[in-house]
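Colleague: quick one, fold the following:
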Amino acid sequence: MWYQRLSDPFSGKKVATHLCLSVFVLIFLYSANALAYTLPDRAKALLSADEITQLQRIETLIHNSDWQQSRQAIEQWQLNADNNPFLKQGLAESMLGEIAMQLNEHQQAKLMFSAARDNFEKINEPALIAMVDNDLGRNYRFVAEYDKAIIAHQQALKTFTHLNDQAGIANQYANLGLIYEYQGRYQESLLTVEKALKINKYLNRQKEMAANSYNIGSIYLDMGMVDTALDYFRDTLIIDQSTGNQKDIAYSNIKLADVYLKMANLSEAQVHASEALKIFNELKTPRDIDWARLKNAEIGIAKGELASAKTTLLDILQSQYQGSQNLKNRVRKSLAKIALQEGDIDKASELTDTVVAYYQSRNQTAMLAALNSMRIEISVASGDYAQAFQLLNDLRDHEKELFSRQKSLELAAFQARTEAVRQAQTIALLQKDNQLSEVRAKQEQQLYQFLYLGVILILGLSFLSWTRWQSKKLNKKLSRLVKIRTKELESANQALQVAYKSAEEASVKDSLTGLNNRRYLEQNLPDDIKSVLSLQQGDNEQDPDLCCLLLDIDHFKQINDNYGHKEGDKILIKIAQILNENARQSDYKVRWGGEEFLLVLRFQQRKQAKIMAERLCHVIEKTEFLTEAGDRISVTCSIGFVSFPVFKSQPESVSWSKALEIADHCLYAAKHSGRNAWMGAHGSDNKSMVEIASVTGLEVESSF
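Modeller: The predicted structure follows:
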C-alpha cells in the first residue's frame, strides 16, 4: 500500500489551493510536453516574473527527481529572499521538505514542513498553511504514524472547507481514504475516496480522477475483490500512459504486479514489476526503487527462487534509506516466509514476532490479520496446535468481517437500485390513481344524467317494461361472465399450486449441483439428532452416530481465475457426482456454500468417518478433470470431520452446531497443513466432566 497515488504538491500531481483573498498557490499540470502553471492575482502581486520563472524551474527539477540541481536552485532562491522573506523562505522549506520525504529522510522533512508552516502563519496565508498541513500528513503516513496523519489532514480539510476550495477538499478526502485503508477501515476508506472522485469529476481534474480510481482499486484488492481491483488498475494504467507521467505509470505497473501475484499469474506479475523497477531506477527515487525490488523478490519467492530473493531482501534492509516502517515490516515478513520454507522455524518466528509487535503497538488489526496465515504455519511447524487453533479463529473472524464489509457495500448498491425501482413503482401507482379519479368523475357525471333521465322515463309504463327487459338481459350476461371468471380462477389456482410445489422443491435443492442445500438439512436433521441421542447406551462404540464431514476444494479460486467460472462450475458438478457415487442414498449430501460441501453419514459407526474421508481425498485426487480445451486440471480437497454425539458418555454435552464448528476447525487445520489432507476429532470418554464441558477432551487424527 506504500505506492498509493496522491494529489500532492511537487510530485507530478495537480495542486489546487486557490482563493482571491491574500492567497498564494501554484497549480502544476504536468504533461508529456511542458509544465503549465496558474497564479492567482494576489500571488502575481507578491512575486515578480523572474521569481515565477525560478519557481517553475525548481518544480520541474523536483518532478524529474533531480535532487542535486533542485537543492542548488532552492539555495539560490533563498539568497534572493530579501523581498517578502517569510513567503519565499516558507516556499523554500516546503520544497526542501518534499525532497527529504522523497529520499525517506522523514525527520528532516518534518522539520522543514513545520518551519514552512511557521513562516506562512506569520503572513496569515491559510491556503498555504493548509497545503503544508497536507504535506505533514503525508510524511506522518509514510512512517505509519496514522493518528497524527489524520489530525493533519483533518486540519487541512477544515481550512479548505472554510476557503470553499473544492480541489483542496478533494485532496484531503483522498489522503484520509488512504489512511483509513491502512487501518483496515475499508468501507470508510472507499466512501471517503469516492467523495474525492465525485469532486474531481465535477472539476474535470483528469489526473486526480485517475489517482482516485487507482486508490479505489487498491481498497478492493485489500478486501479480496481481485477481479474488481484488476479492472480499476488496468483503466488507470491506460490513463497514465496517455498523460506520460512516468512515476504514475510505474505505480500502476507495480499494483498490477500485486494483483497478478495474488492471482498466481506469475509471468504477468513479473512483467509489470520489472517495468516498475526500470522506471523507478531511471527516476532515481530510492524509496520507490526499494518497494519495486521488494515486489520482484515476492514474485521470486512464489517462483521458488529463494536464494536470489533473500539476497535482495537483506540488501533492502541494509539500505541507507530506512524511513519506511511499512517497507521494513514487509521485508521481514518475506524473509520469514523464506525461513519457514527453509525449515528455520526459530528465524521465521523471530522475524514474524518483530512485525507483530510493531503492529500491535499501533493497534493495526488489519495488518495483524494479514500475518495470521504465516503465524499458523509457524505454530503447526513448531507443534503448538493450541496457538494454531486460536490463530485460525482470529483468521476466520477477520475473513467474516471482510465478507460482511464487502456485502454491506453490495447491499448499499442494491438498496440504491431498489430505491430507484420503488420510486418508479410509486410514480406508476400515482398515475393509476389519477386515472381512477378521472373514471370516478365520469361515473358521477353519468349517474346524474341517468337520474335525470329516470325521473322523466318513470312517467311511461312502456319504458318501465323496457328497462326490466334490459335488466334481465344484463343479468344473464353477468352470469355468463361470472362462470367464465370462475373457471379462469380455478385454472390459475391449479397453476399456482403446481408452481408452489416446484418452488418448494427448488428451495431445498442447489440449482447447480442438484445436491440438497442448508434448508433441506435444517428441515430433516433435528429428527435424526433426536433419534441418534435416544440410541446411545453409554460409551458403546457400536452405537450409531451422525458422522459429519466438511469438504473444501483446494485452490478453487485460482481454478476460477485461471480457467473461468464455467470450468469451476463443471468441477463442482463433478464433486457432487463423486459424493453421490461414494455415499449411500440415505446420507445427506449438501452443498454448504461456494466450493464447500457437507456429507452426513446417517446412523453409522464413527470409524466410518475416517474411512470415507480417506476415500474421498483419494478419489478426487485421481479423478481426471478436463477443460473444454482439453487441459487437465489437478483437483484435490481438504476434509475435516467429527462424529455426533462427540462424547458418547455425555451425548448431550456438545450441541450439533458446536460439533460442526469442531469439524470446521479440523478443515482449516487440514488446509494449513498443506491441503489434500483430512483431519478428524472425537471425544475421549475417559475425560473429566470439566474437560467435556469445555470441549478440551478431544483426540485428533489426521492424514498428515
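
Colleague: what about the strands in this protein?
Modeller: Remark: strands assigned in the chain by DSSP state E are 29-30, 35-36, 545-553, 588-593, 596-604, 625-626, 632-633, 637-644, 678-683, 698-702.

Colleague: need the contact list for the nearest residue to Leu351 once chain neighbours are set aside.
Modeller: Excluding its sequence neighbours, the residue lying closest to Leu351 (CB to CB, 6 or more residues apart in numbering) is Ala336, at 3.9 Å. Bear in mind the C-beta positions are built from the backbone N, C-alpha and C, glycine included. Taking CB atoms under 8 Å, 6 or more residues apart in numbering, we find Ala336 in contact with Lys347, Ala348, Ser349, Leu351, Thr352, Val355, Met374, Ile378.

Colleague: and Ile301, by the same measure?
Modeller: Here Ile301 is in contact with Ala309, Ser334, Lys337, Ile338, Gln341 (CB under 8 Å, 6+ apart).

Colleague: kindly provide the distance from the residue lying closest to Asn540 once chain neighbours are set aside to Asp527.
Modeller: Of all residues not flanking Asn540 in the chain, Lys648 sits nearest, at 7.0 Å (CB to CB, 6+ apart). As defined by CB to CB, to the nearest Å, Lys648 lies at a distance of 20 Å from Asp527.

Colleague: the bottom helix or strand of this protein by mean pLDDT?
Modeller: Using mean pLDDT, DSSP states H and E, the weakest-scoring helix or strand in the chain turns out to be strand 29-30, at a mean of 26.

Colleague: domains of this protein?
Modeller: Structural domains of the chain, as assigned by automatic domain parsing, span the residue ranges 9-125+137-143, 165-244, 460-506, 518-702.

Colleague: need the distance between the two termini of the longest one.
Modeller: It stands for domain 518-702. 27 Å (CA to CA, to the nearest Å).

Colleague: now do the contacts for Met209.
Modeller: Per CB under 8 Å, 6+ apart, neighbours of Met209: Leu197, Asn200, Lys201.

Colleague: for the residues you listed, give me a markdown table that also has neighbour count and pLDDT.
Modeller: Below are the contacts of Met209 laid out as a markdown table (neighbours: other CB atoms under 10 Å; pLDDT from 0 to 100):
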| residue | neighbour count | pLDDT |
| --- | --- | --- |
| Leu197 | 22 | 87 |
| Asn200 | 27 | 87 |
| Lys201 | 14 | 86 |
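
Colleague: which residue, other than its chain neighbours, is closest to the residue nearest in space to the middle of the chain?
Modeller: Nearest to the geometric centre of the chain sits Met223, at 1.9 Å (CA atoms, centre = their mean). In space, and not counting its chain neighbours, Met223 is closest to Tyr186: 5.2 Å by CB to CB, 6+ apart.

Colleague: run a quick neighbour tally on the one you found.
Modeller: Number of residues near Tyr186 (other CB atoms under 10 Å) recorded here: 23.

Colleague: doesn't Leu221 make contact with it?
Modeller: No - using CB atoms under 8 Å, Tyr186 is not in contact with Leu221; the gap is 10.3 Å.

Colleague: right, and Glu541 touches Arg606 too?
Modeller: Yes - Glu541 is within contact range of Arg606, at 7.3 Å (criterion: CB under 8 Å).

Colleague: on the pLDDT front, check Leu616 for me.
Modeller: Here the pLDDT value assigned to Leu616 is 97.

Colleague: gap between the nearest residue to Ala613 once chain neighbours are set aside and Gly640?
Modeller: Among residues not flanking Ala613 along the chain, Trp678 sits closest, at 4.0 Å (CB to CB, 6+ apart). To Gly640, Trp678 is 7 Å away according to CB to CB.

Colleague: so what sits against both of these two?
Modeller: Cys666, Ala670.

Colleague: figure out how far stretch 205-220 is from the centre of its chain.
Modeller: 15 Å (CA atoms, centre = their mean, to the nearest Å).

Colleague: I'd like the average pLDDT over it.
Modeller: Rounded mean pLDDT across stretch 205-220 is 81.

Colleague: same thing with stretch 165-185?
Modeller: Stretch 165-185 comes out at a mean pLDDT of 88.

Colleague: surely Leu176 meets His153?
Modeller: Yes - with contact defined as CB under 8 Å, Leu176 counts as touching His153 (5.2 Å).

Colleague: who has more neighbours, those two?
Modeller: Between Leu176 and His153, counted using other CB under 10 Å, the more crowded position is His153 (27 against 24).

Colleague: how close does the residue nearest to Met223 get to Ser649?
Modeller: Going from Tyr186 to Ser649 by CB to CB gives 47 Å.

Colleague: what do you get for Leu96?
Modeller: Taking CB to CB, one finds Leu96 at 76 Å from Ser649.

Colleague: how about Ser218?
Modeller: Using CB to CB, we find Ser218 at a distance of 54 Å from Ser649.

Colleague: of those two, which one has the most company?
Modeller: Using other CB under 10 Å, the more surrounded residue of Ser218 and Ser649 is Ser218, with 26 against 17.

Colleague: tally of neighbours for Glu105?
Modeller: Count around Glu105 with other CB under 10 Å applied: 19.

Colleague: contacting residues around the closest residue to Lys262 other than its chain neighbours?
Modeller: Counting by CB to CB, 6+ apart, Val226 is the residue found nearest to Lys262 once chain neighbours are left out, at 5.6 Å. If you count contacts by CB under 8 Å, 6+ apart, Val226 has them with Tyr220, Val259, Lys262, Met263, Asp561.

Colleague: and the second one, how far is that from Phe233?
Modeller: With distances defined as CB to CB, the gap from Val259 to Phe233 amounts to 6 Å.

Colleague: ditto for the first one
Modeller: From Tyr220 across to Phe233, the span is 10 Å (CB to CB).

Colleague: for the two, indicate the residue with more neighbours.
Modeller: Neighbour count, other CB under 10 Å: between Tyr220 and Phe233, Phe233 has more, with 26 against 23.

Colleague: tell me where this protein is predicted with low confidence.
Modeller: Within the chain, the stretches with pLDDT under 70 are 1-46, 81-82, 320-324, 363-370, 385, 388-389, 393-506, 538-539, 685-697.

Colleague: got the contact list for the residue nearest to Gln270 when sequence neighbours are not counted?
Modeller: Residue nearest to Gln270 in three dimensions, not counting chain neighbours: Ile299, with 5.4 Å by CB to CB, 6+ apart. Counting by CB under 8 Å, 6+ apart, Ile299 makes contact with Ala257, Leu261, Leu266, Ala269, Gln270, Ala273.

Colleague: dump those residues to a markdown table, plus neighbour count and distance to Ile58.
Modeller: Putting those into a markdown table (neighbours: other CB atoms under 10 Å; distance: CB to CB, whole Å) gives the following:
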| residue | neighbour count | distance to Ile58 |
| --- | --- | --- |
| Ala257 | 28 | 33 |
| Leu261 | 20 | 38 |
| Leu266 | 16 | 42 |
| Ala269 | 25 | 37 |
| Gln270 | 19 | 37 |
| Ala273 | 27 | 32 |
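
Colleague: make a markdown table out of those and add distance to Leu163.
Modeller: What follows is the contacts of Ile299, written out as a markdown table (distance: CB to CB, whole Å):
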| residue | distance to Leu163 |
| --- | --- |
| Ala257 | 40 |
| Leu261 | 43 |
| Leu266 | 49 |
| Ala269 | 44 |
| Gln270 | 47 |
| Ala273 | 41 |
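
Colleague: from the residues you listed, pick the one nearest Lys303.
Modeller: Distance to Lys303, by CB to CB, is smallest for Leu266 among the contacts of Ile299, at 5.8 Å.

Colleague: for Tyr173, see how far away that closest one is.
Modeller: Leu266 is 36 Å from Tyr173, by CB to CB.

Colleague: compute the number of surrounding residues for the residue lying closest to Arg591 once chain neighbours are set aside.
Modeller: What sits nearest to Arg591 in space, not counting adjacent residues and going by CB to CB, 6+ apart, is Asp510, at 4.2 Å. Using other CB under 10 Å, Asp510 has 20 other residues around it.
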